[in-house]
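> how would this look folded up:
(one chain, ligands or ions: 1)
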Amino acid sequence: MATTTAELVDDLAVKTPNNLDALLMPFTANRQFKENPRLLVSAEGMHYRSVDGREILDGTAGLWCVNAGHGRREIVEAVQHQAARMDYSPSFQMAHPLQFELAARLTAILPGDLDHAFFTNSGSESVDTALKIALAYHQANGEPGRTRFVGRERGYHGVGFGGISVGGTGNNRKQFRNQLPEVDHLPHTHSLEHNAFSRGQPEWGAHLADSLNSLIQLHGAESIAAVIVEPMAASTGVLIPPMGYLRRLRDLCDEHGILLIFDEVITGFGRLGASFACELFDVVPDLVTMAKGLTNAAVPMGAVGLRKKIHDTLMHGPEYMIELFHGYTYSGHPLACAAGLAALDVYRHDELFDRAAELAPYWEDAVHSLRDKRNVIDLRNLGMVAGIELEPRPGKPTTRAYDAFVRCFEEGLLVRTTGDIIALSPPLIVERSHIDRMFGIIGESLDQVA
Ligand code: PXG
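Predicted coordinates for the structure are as follows:
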């Protein structure tokens, strides 16, 4: 019987709790899960260990967040050290030095003049923060009528009311009737007809950015605050941006005084083989949202990067006035800052963003080796991300991919599914031998799942 919390942690590393009832789990089929729980209890490098003692190869970097692999000593030690020094300091009208250090180092790896950062605790908070900064900017800039947002179909921007409003995921909206009132959506760019089995960026689809023109005609540019997109839509099924698409969006926004927000919660920190997608595509947004890889997921943290003109415009009015009426108790939490600083060090020291770029061609070949597997209707890849789209079972969407996910887990591989798409995004420390094993297991499970 455990008497300390530490002992309890050790006890529960080897046994399933007797009662799973009290917890309402996020984005989970609770009753199905509790019938047959999948519990992870430790992790190191490329692997998790499950409660029944099995080693599970991590094909998803947790939830697209553990980019430097699990249990990085440097990050563990930084967090332990800061926890012992100071647990918490107030975030309003007070600060601690690590916040400034992290903001400086983070903005140093953002492209262009994205040279200011605001800290949050999650991707959802980063998105809502970015939307609010866009409104505050226009107000400060003498255009308070710019209040409309444009998102994109099949976009995912977290679960705040702002995020689900600009998001384009039907299931995330229909349980909750209240949405931001002035939101429109661009069409998504995925087309099996034109883009199936593309390697990297598809050639077809840049023209879809021009739909923004229709919205501008409909509502007037002077009513639109910002366009928000994921440079690569990840969690709704790995939708790769067509060549030239993001540049076109940037040009249209510039032409009409509309801010462009890139949601880089997943694409940031090396995932696509560059520090950020905006670096890779050479398109600098006005605001960029981040989370996940910022701390290698060791402590929750998010951030919003702001271009100089956005920040400077907010610095108006008397100096004793608060410039942005927004913030969180835990903005820039000391433990998160320590984890963030250590994570950035690890990324740089191990050159993980370059490593992702170097591995990407091997990854691409491995992904496309599944071409002849049954039920595969599309394969797509960019950087260290892959999407494997399966033909849905008639009348039973999502069940085929879910069955493949369960089978992979039983065989010792963690993948993600969304709809009938399997998504992969391994830690960037992945070796070729891990990649071979991943696609071996996936291939076998596709052979077995009818
Ligand atoms: N923006 C984007 C682009 C995201 O992918 C969020 C915002 C919200 O972040 P938080 O930290 O509030 O969850 C996300 C989160 C999946 C999966 O399996 C993806 C996310 C979260 C959980 C699961 O694809 N993305």
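> pull the distance from stretch 265-282 to the chain's centre.
Chain-centre distance of stretch 265-282: 11 Å, with C-alpha atoms, centre = their mean, to the nearest Å.
> make that stretch 274-285, sorry
15 Å.
> quick one: pLDDT of residue 3?
On the pLDDT scale, residue 3 is placed at 88.
> burial measure for it, as a count.
7 (other C-beta atoms under 10 Å). Where C-beta positions appear, they are placed from N, C-alpha and C, glycine not excepted.
> residues making contact with the helix or strand of the chain with the lowest mean pLDDT?
Using mean pLDDT, DSSP states H and E, the weakest-scoring helix or strand in the chain turns out to be helix 170-174, at a mean of 85. Helix 170-174 has contacts (C-beta atoms under 8 Å, 6 or more residues apart in numbering) with 156, 159, 164-165, 167, 179.
> now stretch 3-10
residue 2.
> related to what we said a few turns ago, can you give the strand pairings for the helix or strand following the least confident helix or strand of the chain, parallel or anti for each?
Remark: after helix 170-174, the chain's next helix or strand is strand 183-186, criterion DSSP states H and E. The pairing partners recorded for strand 183-186 under DSSP bridges are strand 148-152 (parallel).
> and the partner strand, how far from the chain's centre?
For strand 148-152 - counting by C-alpha atoms, centre = their mean - the centre lies 19 Å from the chain centre.
> what does the average pLDDT come to for it?
98.
> report the buried residues of the helix or strand just after it.
Per DSSP H and E, strand 148-152 leads on to helix 161-166 as the next helix or strand towards the C-terminus. By neighbour count on 16 or more other C-beta atoms under 10 Å, the buried set for helix 161-166 is 162-166.
> ok, stretch 181-198 next?
183-186, 188-191, 195, 198.
> ok, and of those, which contact the ligand?
Among those, none lies close to the ligand by the criterion of C-beta under 6 Å from any ligand atom.
> I'd like those written out as CSV, with pLDDT and distance to residue 127 added.
As requested, these are arranged in CSV below (pLDDT from 0 to 100; distance: C-beta to C-beta, whole Å):
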residue, pLDDT, distance to residue 127
183, 97, 13
184, 97, 17
185, 98, 15
186, 98, 16
188, 98, 18
189, 97, 20
190, 97, 21
191, 97, 26
195, 96, 26
198, 97, 28
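> between those residues, which sits nearest the ligand?
Comparing the buried residues of stretch 181-198 against the ligand with C-beta to the nearest ligand atom places residue 188 closest, at 13.6 Å.
> hmm, the closest one is touching residue 154, no?
Yes: judged on C-beta atoms under 8 Å, residue 188 makes contact with residue 154 at a distance of 4.0 Å.
> quickly list what's touching both of these two.
Once C-beta under 8 Å, 6+ apart is applied, the residues that residue 188 and residue 154 both contact turn out to be 168, 233, 236, 239.
> so the closest residue to the ligand within the stretch 251-400 of the chain, which of the three states?
Relative to the ligand, the nearest point of the stretch 251-400 of the chain is residue 265 (3.6 Å; C-beta to the nearest ligand atom). Following DSSP: H, G, I helix; E, B strand; the rest coil, we place residue 265 in the coil state.
> which stretches of the stretch 1-150 of the chain form helices?
5-11, 30-35, 61-64, 73-85, 97-108, 123-140 (DSSP state H, counting those that start in this stretch).
> next: the stretch 201-350 of the chain.
211-219, 245-256, 277-280, 308-314, 334-349.
> in JSON lines: those helices, plus mean neighbour count.
Shown next, in JSON lines, are these (neighbours: other C-beta atoms under 10 Å):
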{"stretch": "helix 211-219", "mean neighbour count": "15"}
{"stretch": "helix 245-256", "mean neighbour count": "19"}
{"stretch": "helix 277-280", "mean neighbour count": "23"}
{"stretch": "helix 308-314", "mean neighbour count": "17"}
{"stretch": "helix 334-349", "mean neighbour count": "22"}
